[in-house]
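Trainee: output the structure for:
(one chain, ligands or ions: 1)
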Amino acid sequence: MALTDPSKRLQAIPPYMFAELERKIEQKAEEGINVISLGIGDPDTPTFRYVVEAMREAVGDPSTHKYPSNRGRPEFREAFADFYLSRFGVEIDAVDEVIPAIGAKECIYNLCFAFLDPGDVALASDPGYPVYTAGPVLAGAEAQLLPLAPELGFAPDLDAIPEEKLAAARLMFINYPNNPTGAIVPDGFFERVVELAREHEFLVAHDNAYSETTYDGYVAPSFLATPGAKEVGVEVFSLSKGFNMTGWRCAAILGNADAVKTYWRLKTNVDSGLFEAVQLAGAAALRGPRKHVEEMCSIYERRRDLVVDALREIGVEVDAPKGTIYVWAPVPEGHTSTSFVEMVLEEAAVVISPGSMYGPSGEGFFRISLTTPDELLTEAVERLRSHLS
Ligand SMILES: Cc1ncc(COP(=O)(O)O)c(C=O)c1O
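Mentor: Okay, the predicted model is just below:
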């Protein structure tokens, strides 16, 4: 083994999915081609001004300059408890049912280390956000993929999970509104998950990254509003997408007090908490006027319609998503996810994501992100129309 060889666990993980895309974009740029990327879901407009102002003030307060505690500031925990009550009708005890996370990604990764041992299984949506599968593998455990079935509204068929995997399961990752499919939670799905988790004694982690980016009047629920959910689960709530705060690394884990405590115990060994000024800015974001979030939703809804109309015009059958910041669509006949994405890059100089990047069940699909400024998105859509019609 060479000095710099990665560990076997790290070698078991495919390279981070956007690395390859970024390499291809760079190559095109070097060739002087103006590529428009509809790949990554990173809001293109700045964090709301009132949040930036709250941050400015918080940074000036020396009490935020010390090591944060992993339990979080009371202002942060109370803002979350109030937000969960008013927004989702969910009661959260600000003392022991919520703590900060340095982004949902960190939280999901560390949940794997807090709850999984070798031989354990984490049930993970496929296609899904990559850390649901990388986290368990890095923790020395196994990820059991749960294919999201289009005919079930992109929910997994819970009856199809092998018995032995259910017996070994200690964690389940679910996510609605769903990245990458844009699906919203089908009626009764959260209730069935609670039943299954009770029966097989595993912890459910609902990744609630997109509840605030929804369209056509749809209002996304919290998993924790499901009867019995707090007995078996936690929810990870990120401010990244709904509040345009991807760079701030601001999220929280809420729900089952014992599970929150176990996650806290792991974190006290690996990181030193979320910068308290960011916690105060996050609290301000949650308490702020709703109109900014609503404005973002109307921007994304308009862009969604632009993309969906163009795709339909070039013969792609696509449903308009009611949530997330993505359009998920089947590739035209005769193509794989990768061959279609490569063709779009070659012919139209537009980057879209191959569905297979998000897991084997994503094969045959592609994803378009709506976080590109209107002008560029319009140009990208025109290119798709003229090169692919
Ligand atoms: C489903 C899902 N969860 C979590 C994240 C990341 O959230 P954060 O920025 O809080 O780490 C993303 C980002 O794309 C996502 O799509």
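
Trainee: do a quick rundown of the strands in the stretch 251-389 of the chain.
Mentor: 251-255, 326-330, 350-351, 353-354, 365-369 (DSSP state E, counting those that start in this stretch).

Trainee: my error: substitute the stretch 1-150 of the chain in the last question.
Mentor: Going by DSSP E, counting those that start in this stretch, the stretch 1-150 of the chain shows strands at 36-37, 98-101, 121-126, 142-149.

Trainee: relative to Ala329, which of those strands is closest?
Mentor: strand 142-149 (14.7 Å; Cβ to Cβ). All C-beta atoms are positioned from the backbone trio N, CA, C, and that covers glycine.

Trainee: helix or strand right after that closest one?
Mentor: Counting by DSSP states H and E, the next helix or strand C-terminal to strand 142-149 is strand 155-156.

Trainee: ok so, going back, who wins for proximity to the ligand among the strands of the stretch 1-150 of the chain?
Mentor: strand 98-101 (7.5 Å; Cβ to the nearest ligand atom).

Trainee: with the ligand as the reference, measure out to Gly273.
Mentor: Distance, Gly273 to the ligand, by Cβ to the nearest ligand atom, to the nearest Å: 15 Å.

Trainee: how many residues are close by the nearest residue to that residue once chain neighbours are set aside?
Mentor: Once flanking residues are discounted, Gly273 sits nearest to Pro68: 3.4 Å by Cβ to Cβ, 6 or more residues apart in numbering. Neighbour count for Pro68, taken as other Cβ atoms under 10 Å: 21.

Trainee: tell me the pLDDT at Glu106?
Mentor: The model reports Glu106 with a pLDDT of 98.

Trainee: ok, now which ones touch the residue nearest in space to the middle of the chain?
Mentor: With distances taken as Cα atoms, centre = their mean, Ala209 lies nearest the centre of the chain, 4.8 Å away. Neighbouring residues of Ala209 by Cβ atoms under 8 Å, 6 or more residues apart in numbering: 104, 129, 175, 179, 236-238, 240-241.

Trainee: now those residues as JSON lines including neighbour count?
Mentor: Putting the contacts of Ala209 into JSON lines (neighbours: other Cβ atoms under 10 Å) gives the following:
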{"residue": "Ala104", "neighbour count": "26"}
{"residue": "Tyr129", "neighbour count": "22"}
{"residue": "Asn175", "neighbour count": "27"}
{"residue": "Asn179", "neighbour count": "25"}
{"residue": "Val236", "neighbour count": "26"}
{"residue": "Phe237", "neighbour count": "31"}
{"residue": "Ser238", "neighbour count": "25"}
{"residue": "Ser240", "neighbour count": "22"}
{"residue": "Lys241", "neighbour count": "24"}
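
Trainee: isn't Leu116 up against Arg170?
Mentor: Yes - shown here, Leu116 and Arg170 form a contact pair, counting by Cβ atoms under 8 Å, at 5.8 Å.

Trainee: can you give me how far stretch 341-353 is from the chain middle?
Mentor: Centroid separation for stretch 341-353 versus its chain: 24 Å, with Cα atoms, centre = their mean, to the nearest Å.

Trainee: what about Leu376, how many neighbours?
Mentor: Using other Cβ under 10 Å, the number of residues around Leu376 comes to 15.

Trainee: that one and Lys241, how far apart?
Mentor: Separation of Leu376 from Lys241 (Cβ to Cβ, to the nearest Å): 19 Å.

Trainee: tell me which parts of the stretch 251-389 of the chain are close to the ligand?
Mentor: Ala251 (Cβ under 6 Å from any ligand atom).

Trainee: which intervals of the stretch 251-389 of the chain have sub-threshold pLDDT?
Mentor: Applying pLDDT under 70 to the stretch 251-389 of the chain flags no residue at all.

Trainee: on that earlier part again, find the nearest non-adjacent residue to the residue nearest to the centre of the chain, please.
Mentor: If the residues on either side of it in the chain are set aside, Ala209 comes closest to Ser238, at 4.8 Å by Cβ to Cβ, 6+ apart.

Trainee: please list all residues in contact with that neighbour.
Mentor: Per Cβ under 8 Å, 6+ apart, neighbours of Ser238: 103-104, 207-209, 250-251.

Trainee: residues touching the closest residue to Ala12 other than its chain neighbours, list them.
Mentor: Leaving aside its sequence neighbours, Ala12 sits nearest to Val137 (Cβ to Cβ, 6+ apart; 5.2 Å). The contact partners of Val137, by Cβ under 8 Å, 6+ apart, come to 9, 12-13, 143.

Trainee: neighbour-wise, give me the winner out of those.
Mentor: The residue in the contacts of Val137 with the most neighbours, by other Cβ under 10 Å, is Ala143 (23 neighbours).

Trainee: from Pro14, how far off is that residue?
Mentor: 12 Å.

Trainee: what about the closest residue to Leu138 other than its chain neighbours, distance to the ligand?
Mentor: Among residues not flanking Leu138 along the chain, Arg9 sits closest, at 5.3 Å (Cβ to Cβ, 6+ apart). Per Cβ to the nearest ligand atom, Arg9 is found 21 Å from the ligand.

Trainee: now Lys230
Mentor: 21 Å.

Trainee: Ser238 too?
Mentor: From Ser238 over to the ligand the distance is 3 Å, taken as Cβ to the nearest ligand atom.
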